[in-house]
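Peer 1: Sequence first, then the predicted structure, then my questions.
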Amino acid sequence: MEDILIVDDQPDNLRVLSSLLEQQGYSVRRAIHGQIALNAAEAEPPVLILLDIMMPQMSGYEVCEKLKDNERTREIPIIFLSALGDVTEKVKAFEVGGVDYITKPFQFAEVLARIEHQLTLQSLKRETQRQNEYLQQLNTQLEERVAERTAELQRKTERLIAVEEELRRSLVKEKEINEFKSNIITTISHEYRTPLTTIFSTSELLEHYRHKLSEEKFVKYLKRIQESVKYLTSLFNDVMFVDRMQVGQLELNCEPIDLEQLCYDLIDRLQTTLKSGQTLKFSRHKAETISDKISNYWDKHILLQILNNLLLNAIKFSSENKIIELNLIEKEDSIQFAIRDKGVGIAPENLERLFELFYRGKNSQNIRGTGLGLTIVKKCVDLCNGSIEVESEIDRGTTFTVTLPRSNEATIVDN
């Protein structure tokens with residue numbers, strides 16, 4: 001039963017209006033002045049309030065303002081009842097929060113119609129809220145399936161936003177700060193736009209057509225999201241690595257490593273990135289003078305940064321049905337990795353700037369990339385006190401040769 005609160009300082013008005021509304025099936029409460037009305041509404045909010053304006057001690061306008069200031073009562077619709085028919089009074093009634101205004105003397109049919117109208121609006125509002133809650137429950141079912149795949153992306157995206165500020169603080173000169181800021185924003189906005197659009201649009205498809213999709217299509221769309229997340233994760237890791245480079249936080253953490261197995265494992269992981277017909281070929285050459293007791297102590301993460309970036313570039317800039325070679329050459333005092341492709345090659349004018357941060361050669365503008373990979377490679381090689389050489393010819397391919405000296409720790413002999 002709908003509960004209505006009538007506020008009027010005239011007992012006869014309260015009695016008559018209450019009686020008429022109760023005959024229509026409404027539950028009615030009465031308040032003979034403003035404070036009683038405020039207490040009653042606070043204790044148990046009614047669905048609607050009929051409020052007289054001209055009352056002693058506290059006017060209807062004041063009562064309305066106090067109700068609207070109270071979070072518990074501010075949503076209750078208020079219909080003003082008054083003998084004041086002036087337009088100014090009506091405007092003020094709406095300004096303080098009233099939803100309707102009825103001039104005394106009134107016809108009960110009019111009062112009843114306006115009450116029913118407001119209650120209908122309230123009912124529609126509640127129904128809309130229920131529908132929204134129901135839709136939210138349906139959305140939650142989908143969100144739970146993709147939440148674990150997008151949660152990490154969200155956290156890393158938030159971290160990525162913070163990276164810009166961290167990088168800005170790490171640079172000393174204002175020119176360097178502005179240049180780096182401009183480049184990182186350009187790179188992020190450009191490289192994140194496509195995968196993020198894929199994630200959002202595919203998520204919307206899953207949301208709107210979840211009941212109509214076959215299991216095959218659902219898996220297809222889910223894989224599309226996973227691929228975009230994988231790309232963004234890779235990009236984020238590169239940006240984070242560059243961040244550490246800029247603030248000088250890179251350190252070698254050497255451990256015994258089977259170099260050959262490291263190469264095989266990396267090639268195995270890169271199989272999914274190969275274009276149609278491409279092949280990754282590995283070979284190892286070990287100098288006869290190398291003692292069997294010599295240990296391979298290296299920083300595995302740094303080696304993988306070097307090899308992974310160079311191999312991904314070779315794959316990216318080679319066409320289908322091409323062989324990409326990874327050669328490991330072990331010497332007494334050093335190791336060499338030679339990565340050779342038969343791709344588009346590098347123009348001579350690009351070679352000098354090849355390892356600059358964010359630099360991309362003219363012949364690579366149509367190929368997706370950030371200009372971070374080779375910068376990372378060069379920094380890792382320098383960290384190991386090594387060297388990197390490049391030989392390239394347009395349309396014939398490129399060879400990167402990385403030479404890393406064995407450190408003192410790396411030449412420990414097991415007695």
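Peer 2: Good, I have the coordinates.
Peer 1: Export stretch 115-132 to CSV, keeping only CA atoms.
Peer 2: The C-alpha atoms that make up stretch 115-132 are tabulated as CSV, following Å, rounded to 0.1, in the frame of the first residue of the first chain:
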residue,chain,number,x,y,z
ILE,A,115,-0.5,12.0,-7.2
GLU,A,116,-1.1,9.0,-9.5
HIS,A,117,1.1,10.7,-12.2
GLN,A,118,4.0,11.1,-9.7
LEU,A,119,3.6,7.6,-8.4
THR,A,120,3.6,6.3,-11.9
LEU,A,121,6.9,8.1,-12.6
GLN,A,122,8.3,6.7,-9.4
SER,A,123,7.2,3.2,-10.4
LEU,A,124,8.8,3.6,-13.8
LYS,A,125,12.0,4.8,-12.2
ARG,A,126,12.1,1.7,-9.9
GLU,A,127,11.3,-0.6,-12.8
THR,A,128,14.1,1.0,-14.8
GLN,A,129,16.4,0.5,-11.9
ARG,A,130,15.4,-3.2,-11.6
GLN,A,131,16.0,-3.6,-15.4
ASN,A,132,19.4,-2.0,-15.1
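Peer 1: So for it, what gets flagged as buried?
Peer 2: Neighbour counts over stretch 115-132 (16 or more other Cβ atoms under 10 Å) mark 115, 118-119, 122 as buried. C-beta coordinates here come from the backbone N, C-alpha and C atoms, glycine included.
Peer 1: what about the strands in this protein?
Peer 2: 3-7, 27-31, 48-52, 78-82, 100-103, 255-256, 279-286, 297-298, 323-330, 334-341, 387-393, 397-405 (DSSP state E).
Peer 1: most tightly surrounded among these?
Peer 2: strand 48-52 (a mean of 25; mean count of other Cβ atoms under 10 Å).
Peer 1: contact partners of that strand?
Peer 2: 2, 4-10, 13, 17, 37, 41, 60, 63-64, 67, 76-82, 98, 111, 115, 118-119, 122 (Cβ atoms under 8 Å, 6 or more residues apart in numbering).
Peer 1: Would you mind measuring from Arg406 to Thr289?
Peer 2: 13 Å (Cβ to Cβ, to the nearest Å).
Peer 1: before we move on, what about His301?
Peer 2: Where Thr289 is concerned, His301 sits at a distance of 29 Å (Cβ to Cβ).
Peer 1: Same drill for the two, tell me which one is more crowded.
Peer 2: The neighbour count for His301 versus Thr289, taken as other Cβ atoms under 10 Å, is higher for His301 (12 against 7).
Peer 1: tell me the contacts of the more buried one?
Peer 2: Asn253 are the contacts of His301 under Cβ under 8 Å, 6+ apart.
Peer 1: What residues of stretch 33-41 count as buried?
Peer 2: 33-34, 36-38, 40-41.
Peer 1: and this structure, what are its domains?
Peer 2: Using automatic domain parsing, the domain parsing of the chain gives 3-106, 140-246, 255-411.
Peer 1: Throw the strands of the chain into a markdown table and include mean pLDDT and distance to Leu354, thanks.
Peer 2: Compiled in a markdown table, the strands of the chain are given as follows (pLDDT from 0 to 100; distance: least, Cβ to Cβ, whole Å):
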| stretch | mean pLDDT | distance to Leu354 |
| --- | --- | --- |
| strand 3-7 | 93 | 78 |
| strand 27-31 | 93 | 82 |
| strand 48-52 | 93 | 75 |
| strand 78-82 | 91 | 73 |
| strand 100-103 | 89 | 74 |
| strand 255-256 | 88 | 30 |
| strand 279-286 | 91 | 23 |
| strand 297-298 | 85 | 24 |
| strand 323-330 | 92 | 18 |
| strand 334-341 | 92 | 14 |
| strand 387-393 | 91 | 7 |
| strand 397-405 | 93 | 10 |
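Peer 1: As TSV, those strands with distance to Glu216 would be great.
Peer 2: Listed next are the strands of the chain as TSV, based on distance: least, Cβ to Cβ, whole Å:
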stretch	distance to Glu216
strand 3-7	54
strand 27-31	57
strand 48-52	54
strand 78-82	56
strand 100-103	56
strand 255-256	44
strand 279-286	30
strand 297-298	45
strand 323-330	33
strand 334-341	36
strand 387-393	44
strand 397-405	40
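Peer 1: Nearest to Pro348 among those would be which one?
Peer 2: Counting by Cβ to Cβ, Pro348 lies closest to strand 387-393 out of the strands of the chain; the figure is 8.3 Å.
Peer 1: burial measure for the closest residue to Phe218 other than its chain neighbours, as a count.
Peer 2: The shortest distance from Phe218 to any non-neighbouring residue, by Cβ to Cβ, 6 or more residues apart in numbering, is to Leu206 (7.0 Å). Neighbours of Leu206 under the rule other Cβ under 10 Å: 20.
Peer 1: Thanks a lot, see you next time.
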